[in-house]
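S.K.: got a predicted structure plus its sequence, pasted below:
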Amino acid sequence: DQQVKQNSPSLSVQEGRISILNCDYTNSMFDYFLWYKKYPAEGPTFLISISSIKDKNEDGRFTVFLNKSAKHLSLHIVPSQPGDSAVYFCAASASYAGGTSYGKLTFGQGTILTVHP
Amino acid sequence: ETGVTQSPTHLIKTRGQQVTLRCSSQSGHNTVSWYQQALGQGPQFIFQYYREEENGRGNFPPRFSGLQFPNYSSELNVNALELDDSALYLCASSFRGEQYFGPGTRLTVT
């Protein structure tokens, strides 16, 4: 049962344009969402996160939008740069009181982003 | 501040053998999580350790076990290796927040 889905295996974008990566989830207990970027031979690198009490979070060129009613989130990268070419993973977590709320991440399958010069 | 490190980088084992993978947490991080990433898939949660105690487990059999040490470094042990255990094994450390991943150990079971 895939609780977090990234339905686009790949995305190709021209440099300077917007990249939009999408993610859907089914578990209504998820209340914290993250995006990671992964280059070959490296571990995933944290990009940006959003709590379910918000619908938008922005950090420089990266913006994450959350639509709770649709159980959908998206990552916007503007403007896209060739160095952004990587695999992007969406992840979700269900928090609980105490301890490490964000430890048990459920990941999507990933989307390969290619930004052409 | 050092990042998360893992050893070894690559490993080849035979079906039925046992393997131990190691992870050093980022300084100050008291929580370690282990993930298995099969080819073409996202990482799957194996288990998490918080202050040397297992703090949650994913859908993995008991032959996957772990340890966390007082310095918060960690080991993942896999017994009776199967061909399907071939994957990238990632550890991630955290302290009340986002997880920071190591580069992973690529395990091949033949």
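M.R.: Good, I have the coordinates. Predicted model only: the values in this text are computed from it and were never measured.
S.K.: spatially nearest residue to residue A:28 (excluding sequence neighbours)?
M.R.: If the residues on either side of it in the chain are set aside, residue A:28 comes closest to residue A:71, at 7.3 Å by C-beta to C-beta, 6 or more residues apart in numbering or on different chains. Yep, even glycine has a C-beta here, placed from its N, CA and C like the rest.
S.K.: quick check: phi and psi on that neighbour?
M.R.: Backbone geometry at residue A:71, expressed as degrees, to the nearest 10, gives phi 50, psi 50.
S.K.: what does the helix or strand bottoming out on mean pLDDT in chain A rub up against?
M.R.: Across the helices and strands of chain A, mean pLDDT, DSSP states H and E gives its lowest value to strand A:45-51, namely a mean of 91. Contact partners of strand A:45-51, identified using C-beta atoms under 8 Å, 6 or more residues apart in numbering or on different chains, comprise A:31-39, A:56-57, A:59, A:62-64, A:66, A:73, A:75, A:88, B:98-101.
S.K.: quick one: the residue nearest to residue A:28 and residue A:31 touch, right?
M.R.: No: at 11.8 Å, residue A:71 does not count as touching residue A:31 under the criterion of C-beta atoms under 8 Å.
S.K.: what are the phi and psi values for the residue nearest to residue B:74 when sequence neighbours are not counted?
M.R.: Once flanking residues are discounted, residue B:74 sits nearest to residue B:32: 4.2 Å by C-beta to C-beta, 6+ apart. Phi and psi for residue B:32, reported as degrees, to the nearest 10, are phi -130, psi 130.
S.K.: let me see the contact set for residue B:32.
M.R.: B:23, B:25, B:48-49, B:68, B:72-74, B:91-93.
S.K.: write out the residues of chain B neighbouring chain A.
M.R.: Residues of chain B lying near chain A by C-beta under 8 Å from any C-beta of the partner chain: B:4, B:31, B:33, B:35, B:40-45, B:48, B:50, B:55-56, B:58, B:90, B:92, B:94, B:96-104.
S.K.: buried among those? Need that as a selection in ChimeraX.
M.R.: In ChimeraX, this line selects whichever of these come out buried by 16 or more other C-beta atoms under 10 Å in any protein chain shown:
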select /B:4,31,33,35,42,43,44,45,48,50,55,56,58,90,92,94,98,99,100,101,102,103,104
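S.K.: make sure residue A:42 is actually in contact with residue B:103.
M.R.: Yes: between residue A:42 and residue B:103 there is a contact under C-beta under 8 Å: 5.5 Å.
S.K.: quick check: closest non-adjacent residue to the most centrally placed residue in chain B.
M.R.: In chain B, the residue lying closest to the centroid (C-alpha atoms, centre = their mean) is residue B:34, at 3.6 Å. Nearest non-adjacent residue to residue B:34, counting by C-beta to C-beta, 6+ apart: residue B:46, 4.3 Å away.
S.K.: buried set for the least confident helix or strand of chain A?
M.R.: Residues of strand A:45-51 classed as buried by neighbour count (16+ other C-beta under 10 Å): A:46-50.
S.K.: the next helix-or-strand element following it and chain B, are they touching?
M.R.: Of the helices and strands lying after strand A:45-51 in sequence (DSSP states H and E), the nearest is strand A:56-59. No: applying C-beta under 8 Å from any C-beta, one finds strand A:56-59 separated from chain B by no less than 12.1 Å.
S.K.: show me the shaky parts of the chain.
M.R.: You didn't say which chain, so I picked chain A. Applying pLDDT under 70 to chain A picks out residues A:96-103.
S.K.: other chain: chain B
M.R.: Under the criterion pLDDT under 70, the flagged ranges of chain B are B:1-2, B:96-97.
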